[in-house]
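Novice: when you get a sec, could you give me coordinates for this:
(one chain, ligands or ions: 1)
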Amino acid sequence: MDLTHRALGLHTTISRVQGGKLKSKKEIRIASLFKDAAPEFLKMIVVHELAHFKESDHNKAFYQLCEHMQPGYHQLEFDLRIYLTYRDLQGKAAE
Ligand SMILES: [Zn+2]
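Specialist: I've put the predicted structure just below:
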């Protein structure tokens, strides 16, 4: 779990037994805080999660896949971290 995942509570794997077989499916969930986030971030999160369907780790192949789907991916992920930190600080200031 990286910072982005912890902050968003993203990509869960659901396992359940169906007809005697164990089935797993992956779900993409986007936290409600992203309702008011920039659309670029939403796209970035979806790209990140889609890449995880193929690569489970944050390795080189994973990031190459992200960049392939969304040029400039690295910059967006960096921006997202700043955005989340900013929101975090705002939340603390309001307490
Ligand atoms: Zn990830």
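
Novice: helices along the chain, start to end?
Specialist: Under the criterion DSSP state H, the chain contains helices at 3-8, 39-54, 60-69, 73-94.

Novice: send the alpha carbons of the second one over as CSV?
Specialist: Below are the C-alpha coordinates for helix 39-54, written out as CSV (Å, rounded to 0.1, in the frame of the first residue of the first chain):
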residue,chain,number,x,y,z
PRO,A,39,-10.9,15.5,-13.4
GLU,A,40,-7.2,14.9,-14.2
PHE,A,41,-6.9,13.3,-10.8
LEU,A,42,-9.8,11.0,-11.4
LYS,A,43,-8.4,9.9,-14.6
MET,A,44,-5.0,9.3,-13.0
ILE,A,45,-6.6,7.2,-10.3
VAL,A,46,-8.4,5.1,-12.8
VAL,A,47,-5.2,4.6,-14.9
HIS,A,48,-3.4,3.6,-11.7
GLU,A,49,-6.0,1.1,-10.8
LEU,A,50,-6.2,-0.3,-14.3
ALA,A,51,-2.5,-0.8,-14.4
HIS,A,52,-2.8,-2.9,-11.2
PHE,A,53,-5.0,-5.4,-13.0
LYS,A,54,-1.8,-6.3,-14.9
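
Novice: which helices and strands does it pack with?
Specialist: Under the contact criterion of 3 or more CB pairs under 8 Å, 6 or more residues apart in numbering; DSSP states H and E, helix 39-54 touches helix 3-8, helix 60-69, helix 73-94. Where C-beta positions appear, they are placed from N, C-alpha and C, glycine not excepted.

Novice: try it again at 7 Å.
Specialist: helix 60-69, helix 73-94 (3 or more CB pairs under 7 Å, 6 or more residues apart in numbering; DSSP states H and E).

Novice: cool, thanks, signing off.
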